[in-house]
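A.B. asks: Sequence first, predicted coordinates after that:
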Amino acid sequence: DLLSLFVASLTGIPGAHFFHSLAYVETFKNHSLFPKLLKKRRVFAVSRFLQQNVRQAFGIEAAPWYPIFDLGKYRVPRSPERAVLGYYSAGPHKGDEIANILVEKSPGWKFLVVGRSYSHSFRAVPPNLIYQGDQPDTNRFYGAIGILLVPSLVEEGFPRVILEAAVNGIPVIASRLGGIPEALGRSGILVDIDRVENPDIQALGRRYLNEVQSLINNEDEYRRLSLQASARAEEY
């Protein structure tokens, strides 16, 4: 935060500043002191998308540095069905409405949802929806799903969940926003969003529905994307 950066600069403590979310770029754009302090530090951004935003906001060249984490610990024994879809919710901006459209329109598919902030307007939980809340055991999640949904409605910096799925050969269907394409590589399918502000949720839901339907019904395409997901994880 600004106070920590100011104290580190004032006392001469060496270090680097990492941008991992567009929200922080937006927060500090109106603080004139912030870019001055940043210019005295080494600055990193978690994706090339975020690197560009830091450059535009502050006139600072940040080096892209993708997240470093142990992918191996997310690899689990799996024998999933293609028609089991996983979704991680950290709030409505992650695409709760899109996931809910799929749940409602596709009673023949199973949905496994994790995350403490999931919201819906169902009067009763549909029988094809399993909501596990905050799930610390990722084995239960990745070991059960065949496809991961990342229907984000905001420009994320670099969603790690895509790589966690990839290491298990799980194809991802995700929004073409922010740093998502960088994380995805060729390990899944990108869905276009016409506009970030007030998107047409119903139209977007139909696009996701079509992509999921196509992938579930095409075993060869599923296998191809699964192999590319594993290759993406190895490359990463």
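C.D. replies: Perfect, thanks for sending it. Just so it is clear, the model here is predicted, and its values are computed rather than measured. Numbers count the residues shown, from 1 in each chain.
A.B. asks: what's the first-to-last distance across stretch 158-171?
C.D. replies: From the first residue to the last, stretch 158-171 extends over 17 Å; the measure is C-alpha to C-alpha, to the nearest Å.
A.B. asks: What average pLDDT does it get?
C.D. replies: On average, the pLDDT along stretch 158-171 is 96.
A.B. asks: OK, contacts around Ile211?
C.D. replies: Slight slip there: residue 211 is Glu, not Ile. Contact partners of Glu211, counting by C-beta atoms under 8 Å, 6 or more residues apart in numbering, are 173, 189, 191. Where you see a C-beta, it was placed from the backbone N, CA and C, and this is true even at glycine.
A.B. asks: A strand includes it, no?
C.D. replies: No - Glu211 is assigned helix when assessed by DSSP: H, G, I helix; E, B strand; the rest coil, not a strand.
A.B. asks: any idea how far it is from Leu10?
C.D. replies: 51 Å (C-beta to C-beta, to the nearest Å).
A.B. asks: for Leu149, same thing?
C.D. replies: 46 Å.
A.B. asks: In terms of packing, which of the two has more residues around it?
C.D. replies: Leu149 (27 against 9; other C-beta atoms under 10 Å).
A.B. asks: How about that one: what's its closest non-neighbour residue?
C.D. replies: Excluding its sequence neighbours, the residue lying closest to Leu149 (C-beta to C-beta, 6 or more residues apart in numbering) is Tyr87, at 4.6 Å.
A.B. asks: Kindly report the same for Ser230.
C.D. replies: Gly169 (4.5 Å).
A.B. asks: so what's that neighbour up against?
C.D. replies: Contacts of Gly169 by C-beta under 8 Å, 6+ apart are 78, 226-227, 229-230.
A.B. asks: Most neighbours of all those residues, which one?
C.D. replies: Ala229 (26 neighbours).
A.B. asks: so who does Leu33 touch?
C.D. replies: Leu33 neighbours (C-beta under 8 Å, 6+ apart): 2, 6.
A.B. asks: can you map out the helices along the chain?
C.D. replies: Listed in chain order, the helices of the chain (DSSP state H) span residues 2-11, 22-28, 33-38, 48-58, 96-105, 138-142, 161-166, 180-184, 201-217, 219-235.
A.B. asks: For Lys40, see how far away the spatially most central residue of the chain is.
C.D. replies: Centroid-nearest residue in the chain, with C-alpha atoms, centre = their mean: Pro159, separated by 3.3 Å. Per C-beta to C-beta, Pro159 is found 30 Å from Lys40.
A.B. asks: what about stretch 165-177, distance to the chain center?
C.D. replies: Centroid displacement of stretch 165-177 relative to its chain, using C-alpha atoms, centre = their mean, to the nearest Å, is 9 Å.
A.B. asks: Near Ser117, how many other residues are there?
C.D. replies: Neighbours of Ser117 (other C-beta under 10 Å): 13.
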